[in-house]
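**Q** Structure for this input, please:
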Amino acid sequence: MPIRIPTELPAQSILNSENIFIMDTDRAAMQDIRPLEVGILNLMPNKLETEVQFLRLLSNTPLQINVDLIRIDNKAPKNTPESHMKAFYHNFDDVADKQYDGLIVTGAPLALLDYDDVKYWERMKVVLEWARQHVQSTLFSCWAAHAALYHFFGKNRSLRDVKLSGIFPHQVQNEHNELMRGFDPIFNAPHSRYGEISVADYESVDGLKVLASSEKTGAYIVASEDKRLVFVTGHPEYDPDSLAQEYQRDVNAGLEAIIPENYYPEDDPTQAPMVTWRAHGSLLFTNWLNYYVYQNTPYDLASLSKKD
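**A** Numbering: from 1, shown residues only. The predicted model follows:
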């Protein structure tokens with residue numbers, strides 16, 4: 001699938017090296033179709049790494065997609081040059097009048113903070129309410145999934161005593177839901193979080209369905225019946241070495257580092273990680289784009305504002 005991103009975005013060279021089709025503006029203008037409009041609200045400190053991870057997952061359908069990278073505020077990100085932000089990111093205020101077919105809200109390293117203590121929480125609530133009126137389907141990842149469930153339905157997370165980190169098997173709970181189409185009954189997915197919301201809490205909300213879960217991680221994929229909200233509590237976008245980098249960061253910081261489960265052969269961090277989750281991650285985003293976004297979005301995006 002051709003994804004349209006700014007010509008000079010550093011992610012482009014990485015994606016090109018992986019033989020992922022990137023369409024330039026001139027070629028896109030020659031196609032007599034309406035491309036999907038997808039926003040990525042990137043809350044991670046390392047914006048460049050996260051951009052590549054999610055753009056890669058958006059690249060596996062025949063649909064043409066225009067991608068907007070969005071920042072929630074003007075605060076300088078910790079691990080990304082401000083020059084990069086100014087060149088490639090839209091301030092939220094600049095896109096607040098725009099409608100999107102799909103929106104991805106990334107995770108954020110805010111696991112141990114109460115929501116009210118997050119510096120941009122008030123801003124986050126504005127974005128969440130805006131998305132309900134301006135986006136056909138929004139996919140929330142990890143911290144954002146918990147934050148959205150709290151904001152919309154009042155279900156707060158608890159904190160685990162030990163960080164959940166590793167690759168875990170999950171069971172498909174609803175094989176007939178289109179988001180699960182093509183999934184094996186048991187599949188692997190990465191997790192890296194302290195936050196926890198019980199399956200019972202998800203199931204107590206009218207209109208929400210738990211589509212995949214596991215005994216160890218709890219609910220993994222949850223979606224609303226109208227397909228407008230998708231909650232993914234793990235990280236299907238992770239690179240092979242993402243958990244290794246997190247583990248090494250904790251080691252270097254002198255923290256009590258937890259070796260990610262089911263990740264290194266024989267739990268030996270000197271060995272290369274086992275990659276067992278990327279096919280399902282790609283399928284998840286392909287299904288979301290096709291069945292939750294493309295098959296349901298109006299041709300005239302302006303009509304989105306009329307939806308509840």
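**Q** Distance check, residue 217 against residue 174.
**A** Relative to residue 174, residue 217 is positioned 17 Å away (C-beta to C-beta, to the nearest Å). Just so you know, the C-beta spots here come from the backbone N, C-alpha and C atoms, and that holds for glycine as well.
**Q** and these two? which has more neighbours close in?
**A** Between residue 217 and residue 174, counting by other C-beta atoms under 10 Å, residue 217 is the more crowded of the two (20 against 14).
**Q** Now do the lengthiest strand in the chain: distance to the chain's middle.
**A** Ranked by residue count, the top strand of the chain under DSSP state E comes out as strand 158-172. Its chain's C-alpha centre and that of strand 158-172 lie 17 Å apart, by C-alpha atoms, centre = their mean, to the nearest Å.
**Q** relative to strand 158-172, how tilted is whichever helix or strand comes after it?
**A** The C-terminal neighbour of strand 158-172 among helices and strands, as given by DSSP states H and E, is strand 186-196. Using axes from the mean of the first three to the mean of the last three C-alpha atoms, to 10 degrees, the direction of strand 186-196 lies 170 degrees away from that of strand 158-172.
**Q** following strand 186-196, which helix or strand shows up next?
**A** Past strand 186-196, the next helix or strand by DSSP H and E is helix 199-203.
**Q** What about residue 133, how many residues nearby?
**A** The number of residues packed near residue 133 is 12, by other C-beta under 10 Å.
**Q** That one should be in a strand, yeah?
**A** No. Applying DSSP: H, G, I helix; E, B strand; the rest coil, one finds residue 133 to be helix, outside a strand.
**Q** Please report how far it lies from residue 297.
**A** From residue 133 to residue 297 the distance is 14 Å (C-beta to C-beta).
**Q** Ok, residue 263 next?
**A** From residue 263 across to residue 297, the span is 37 Å (C-beta to C-beta).
**Q** before we move on, the earlier item: just the mean pLDDT for the longest strand of the chain, thanks.
**A** The average pLDDT for strand 158-172 rounds to 95.
**Q** Report all helices and strands that it contacts.
**A** Where contact means 3 or more C-beta pairs under 8 Å, 6 or more residues apart in numbering; DSSP states H and E, strand 158-172 is packed against strand 186-196, strand 208-214, helix 242-252.
**Q** can you list the weak-confidence ranges in this structure?
**A** By pLDDT under 70, the low-scoring segments of the chain are 1-8, 11-13, 15-16, 18-33, 305-308.
**Q** All the strands of it, residue numbers only.
**A** Using DSSP E, the strands found in the chain span residues 3-4, 36-41, 65-71, 89-91, 100-105, 135-141, 158-172, 186-196, 208-214, 218-224, 229-232.
**Q** would you turn those strands into CSV with distance to residue 51 and mean neighbour count?
**A** What follows is these, written out as CSV (distance: least, C-beta to C-beta, whole Å; neighbours: other C-beta atoms under 10 Å):
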stretch, distance to residue 51, mean neighbour count
strand 3-4, 11, 22
strand 36-41, 7, 23
strand 65-71, 7, 21
strand 89-91, 10, 18
strand 100-105, 11, 25
strand 135-141, 13, 26
strand 158-172, 23, 16
strand 186-196, 18, 21
strand 208-214, 26, 21
strand 218-224, 23, 24
strand 229-232, 18, 26
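**Q** could you dump these to TSV with distance to residue 240?
**A** Converted to TSV, the strands of the chain look like this (distance: least, C-beta to C-beta, whole Å):
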stretch	distance to residue 240
strand 3-4	21
strand 36-41	21
strand 65-71	23
strand 89-91	27
strand 100-105	21
strand 135-141	18
strand 158-172	11
strand 186-196	10
strand 208-214	21
strand 218-224	20
strand 229-232	19
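**Q** Which one of these lies nearest to residue 151?
**A** strand 135-141 (10.2 Å; C-beta to C-beta).
**Q** and the angle from that closest one to strand 36-41?
**A** Using the same axes, to 10 degrees, strand 135-141 lies at 40 degrees relative to strand 36-41.
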